[in-house]
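**Q** Sequence unavailable; structure follows:
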């Protein structure tokens, strides 16, 4: 049973525009959420996180929004840059260090 | 400097063989993990060790045996390799605390192919 879902396997966005990556979860015990970015042949790199006591966290061009009632979070990247092209994984944790990952969304930013 | 390193990066072997993957972190973290990413791109935790003690064991076959000689190293030994073991294996490290959340840092991965 997949507790963390990223229903869009891919997303294509023009440079300078906003990229919005979505993630849904089913386990109401999750209280910490993370986004990782992965380039080919490399390991995932931590990008940004949010605790369930917040509904928004911002770090430069990256903002994560959390809607607990809808069990939904999203990552906004604005403005998108070609170097942002990668696979983005959403992950969730229920008060432990065990991370449950989604299947990833491949973002392509074109000029 | 590489924070979390794994060797080898690629491993091709025959079914039935025994192989090991090594992982080292220089971040001073007290917890290390092994994840498996299968052909469907699911990234799933297998094990975690905190200060050389096994904390998480996610119903992985006992052909897989992690070994942590010290806090900076977590090796993965696999006996009697099967075709289904083909995957990318990622090592990660982090700091485990009841007071703060844990952002894990990943190694570059080891692509294991069993023929």
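**A** Looks like it came in fine. What you are looking at is a predicted structure, and each value in this text was computed from that prediction instead of being measured. Numbering: from 1, shown residues only, chains lettered A, B, ... in the order given.

**Q** So which bits of chain A are right by chain B?
**A** For chain A, the contact set with chain B under Cβ under 8 Å from any Cβ of the partner chain comprises A:32, A:34, A:36, A:41-46, A:49, A:51, A:89, A:93, A:97-99, A:101, A:103-104. Just so you know, the C-beta spots here come from the backbone N, C-alpha and C atoms, and that holds for glycine as well.

**Q** filter the residues you listed to the buried ones?
**A** Buried residues within those, counting neighbours by 16 or more other Cβ atoms under 10 Å in any protein chain shown: A:32, A:34, A:36, A:43-44, A:46, A:49, A:89, A:93, A:97-99, A:101, A:103-104.

**Q** Out of the residues you listed, which one has the weakest pLDDT?
**A** Looking at those by pLDDT, the weakest one is residue A:97, with 73.

**Q** That residue contacts residue B:92, correct?
**A** No. Under the criterion of Cβ atoms under 8 Å, residue A:97 makes no contact with residue B:92, lying 9.9 Å away.

**Q** which residues are in contact with both of the two?
**A** Listed as contacting both residue A:97 and residue B:92 by Cβ atoms under 8 Å, 6 or more residues apart in numbering or on different chains are residue B:104.

**Q** how far away is residue B:65 from residue A:18?
**A** The gap separating residue B:65 from residue A:18 is 47 Å, by Cβ to Cβ, to the nearest Å.

**Q** correction: residue B:95
**A** Distance from residue B:95 to residue A:18, by Cβ to Cβ: 33 Å.

**Q** Which pLDDT value goes with residue B:97?
**A** 65.

**Q** can you map out the strands along chain A?
**A** Along chain A, counting by DSSP state E, strands occupy A:4-5, A:10-14, A:19-25, A:32-38, A:45-51, A:56-59, A:62-67, A:72-77, A:86-93, A:100-101, A:105-110.

**Q** now the residue of chain A found nearest chain B, nearest residue through space, not along the chain?
**A** Of all residues in chain A, the one sitting closest to chain B is residue A:43 (3.3 Å; Cβ to the nearest Cβ). In this structure, residue A:43 finds its nearest non-sequential neighbour in residue B:106, 3.3 Å apart by Cβ to Cβ, 6 or more residues apart in numbering or on different chains.
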